[in-house]
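A.B. asks: model this:
(2 chains)
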Amino acid sequence: MLKIVKKTEATIKQKIAINIVGIFAALTAAALFLALSGFNPLQVYISMVEGALGSSYRISQTVIQAVPLIILSLGIAIAFRMKFWNIGAEGQILMGGFLGSYFAYNFSQLPKPALLLLMLAAGAVGGAVWALIPAWLKVKFHANESITTLMLNYVALKWIEYLSAGPWKDPAAFGYPRMPRFTENAILPNVFGVHIGWIIALVLVVVVYLFLNNTKKGFEIAILGESENTARYAGISIGKTVLLAVCLSGALCGLTGIIQASAVNNEMSSALANGIGYTAIITTWLSGLSAPVIVLVCGLFAILTQGASYIQTAFGIPSAAASVLQALILFFVLGSDFFTKYKFVWQKSEHQTKEGK
Amino acid sequence: MDWWISFFSAAVVAGTPLLFATLGGIFNERAGHMNLGVEGMMIMGAVVGFSVALATSNAVAAMLTAAIAGALGALIYAVLTVTLRANQVVTGLTLTIFGTGFANFLGQSIVGQSTPAAIKAFFSNISIPVLSQIPVLGPVFFQKDIFIYFGYVLVILSGLYLYKTQIGLNLRAIGENPSAADAASVPVTLYKYVHLLWGGALCGLGGAYLSLVYVQSWQTSITAGMGWIAVALVIFSTWNPYKVFLSAYLFGGLSILGFRLQSAGIHISQHLLDMAPYLVTILVLVVLSMDERKSAGPKSLGIPYFREER
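C.D. replies: Predicted coordinates:
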């Protein structure tokens, strides 16, 4: 009989090795998928890397893909450390974008630096408030946060759709339901060819890393994630810690929203998030909730996304294939994680000793 | 009066994909697994069912393959979360991304094609003798297509299965306390696999109703978030198959109310009405969670079960 037994915690080296095997298995499975669809997988993979990193322009496009993923993953990681399953990045992006663009649309006469700072702050507040609702429901009523955050994503989406079809509709758009473009002074500046978001992202990586690992609050969040009882015995105020951590988590997601609206889309729209809030949950999980690893994983995901949009034009492979590829990689990495904690052993019967190692 | 009958009748049609997917979600969650892959399994069923319908013009084959497609999606989820104990939330989300990508990839070659005539004929409305003559209820519930009748039967069978059979009792026990069920020699892993796959098959059927009957063609991202409403309706139905009747048709109706009201000259934004299922679900969840004695939903929901750790 095949049995599963716990093994001693794998070393870092073993973990990396297991993950690399997982990624290779995923690439093999995806190659099979591509081959069945009539493409040469090796050629496709090579062009993906070329498409993402082949020229300085392409690299800048890849960085633009990575920036929102990094900031979102940092935010989600704060909540996940506490085992607060914040699935609500998608909605927090939209509400951050909403509050930020409120200032972009109504205070465009302000000088550029003041307006941009105001927008970024409003974006963070929008996301934080939207995240505080499920946090409060969790603290007060023990309402399952993975459901409430998920539901609020759709409430936010419908709210933005409502705005773009009615109150915030661009009168110059010939009846098409879209919001006006931002004025020039509401658009974040470029630094070395990429919008300033990349600097914000890198600063936040350091800040979040220090917060989680070197401050009392960060430590309390980790304890709370390990065991609520331990946290209670240690005299940690559970409610306050949950609210604070989720507030920060939402603020980072909201900040991403306004950065994307301002620097990338130059307008607010209901397509602002477009699934990136869910992708970020995946990158957060893959990175093991560690800030430096987040940069690595999000970088890889950005290469995958940018590469996929390149092969779309080069090979006519639809962009949907990229989602399949990303999902396959994730399936294998999720599966391979098991082998860092458990192993299969073959047992002849209940009474005989285990064979193998 | 006619307006109401036509509205309720349309609500039943609009609620049918939700009915199947919500039933599927209930079986998943009763087995202790929160599956956020409902949307992905629905859309896999939608594309596979429609492709098979185009290729064979056989409605039964289309429904069957749609169910199998949903179940295969669920199989990936089951292997990862039951055997390999991966995080259920992350695995479910990935399944949705996978399913949507897979379906849009597969579906790009069939965009714009319409359901074959044989399929349309098979799913044309059939009036049930006697019942269809009842005022109001007749036209709303008993002058419908065979897929909808199949839904009625499934709801009742699911309720009987869950509440009146030993297997159903065992399943509910696993959802509440898998170690206790295991100790009573219920094969926990087998139960989880079977009911996750069955749940996936139901989600696949829900998707197939969309492409085969409701829209009658394949559209990119045809499910358009319906799977998430189904996740919400599992809670709104308090994990009870019978209540799916109410919740699926209620929210099916809500999803078309705005447009209907507009044609009647009343202007309420459909976007604001669309918020209702999500807001109401939050409210229901809060109310259920307030009662400390009862737990909101199966107690082991989301917690991986490992025999050696009990």
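A.B. asks: When you work out contacts or count neighbours from here on, use the C-alpha atoms and nothing else.
C.D. replies: Fine.
A.B. asks: Enumerate the residues of chain A near chain B.
C.D. replies: With the criterion set to C-alpha under 8 Å from any C-alpha of the partner chain, chain A comes near chain B through A:5, A:137, A:141-144, A:147-148, A:151-152, A:154-155, A:158-159, A:161-162, A:278, A:281-282, A:285, A:318, A:320-324, A:326-328, A:330-331, A:334-335, A:337-338.
A.B. asks: From those, which land in strands?
C.D. replies: Using DSSP state E, the subset of the residues of chain A next to chain B located in strands is A:Val5.
A.B. asks: contacting residues for residue 40?
C.D. replies: Unless you meant another one, I'm taking chain A. The neighbours of A:Asn40, taking C-alpha atoms under 8 Å, 6 or more residues apart in numbering or on different chains as the test, are A:Leu34.
A.B. asks: wrong one, chain B
C.D. replies: B:Gly40 sits in contact with B:Gly73, B:Leu95, B:Thr96, B:Ile97, B:Phe98, B:Gly99, B:Thr100, B:Gly227, where contact means C-alpha under 8 Å, 6+ apart.
A.B. asks: Kindly give a single ChimeraX line that selects the buried subset of those residues.
C.D. replies: Selecting only the buried members of those in ChimeraX, with burial defined as 16 or more other C-alpha atoms under 10 Å in any protein chain shown, works like this:
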select /B:73,95,96,97,98,99,100,227
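A.B. asks: how about JSON lines for the contacts of B:Gly40, with pLDDT added?
C.D. replies: What follows is the contacts of B:Gly40, written out as JSON lines (pLDDT from 0 to 100):
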{"residue": "B:Gly73", "pLDDT": "97"}
{"residue": "B:Leu95", "pLDDT": "95"}
{"residue": "B:Thr96", "pLDDT": "94"}
{"residue": "B:Ile97", "pLDDT": "91"}
{"residue": "B:Phe98", "pLDDT": "93"}
{"residue": "B:Gly99", "pLDDT": "95"}
{"residue": "B:Thr100", "pLDDT": "93"}
{"residue": "B:Gly227", "pLDDT": "92"}
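A.B. asks: Now flag whichever of the contacts of B:Gly40 is closest to chain A.
C.D. replies: Distance from chain A was checked for each of those by C-alpha to the nearest C-alpha. The minimum falls on B:Phe98, at 4.9 Å.
A.B. asks: Secondary structure element for that closest one, which one?
C.D. replies: helix B:88-107 (DSSP states H and E).
A.B. asks: Verify the stated contact: A:Leu252 with A:Gly127.
C.D. replies: Yes. Proximity of A:Leu252 to A:Gly127 meets the contact threshold set by C-alpha atoms under 8 Å, at 7.3 Å.
A.B. asks: Look at the two and report which has more neighbours.
C.D. replies: More crowded of A:Leu252 and A:Gly127, by other C-alpha atoms under 10 Å in any protein chain shown: A:Gly127, with 35 against 31.
A.B. asks: Is that one in a helix, a strand, or coil?
C.D. replies: Going by DSSP: H, G, I helix; E, B strand; the rest coil, the secondary structure assigned to A:Gly127 is helix.
A.B. asks: okay, now the nearest residue in space to B:Gly258 that is not next to it in sequence: neighbour count?
C.D. replies: Distance criterion C-alpha to C-alpha, 6 or more residues apart in numbering or on different chains; nearest residue to B:Gly258, sequence neighbours excluded, is B:Gln270 at 4.4 Å. Burial of B:Gln270 is recorded as 20 neighbouring residues (other C-alpha under 10 Å).
A.B. asks: same check, this time on A:Ser37
C.D. replies: Using other C-alpha under 10 Å, A:Ser37 has 13 neighbouring residues.
A.B. asks: Over to the one 10 residues further on?
C.D. replies: Around A:Ser47 sit 19 other residues, with neighbours defined as other C-alpha under 10 Å.
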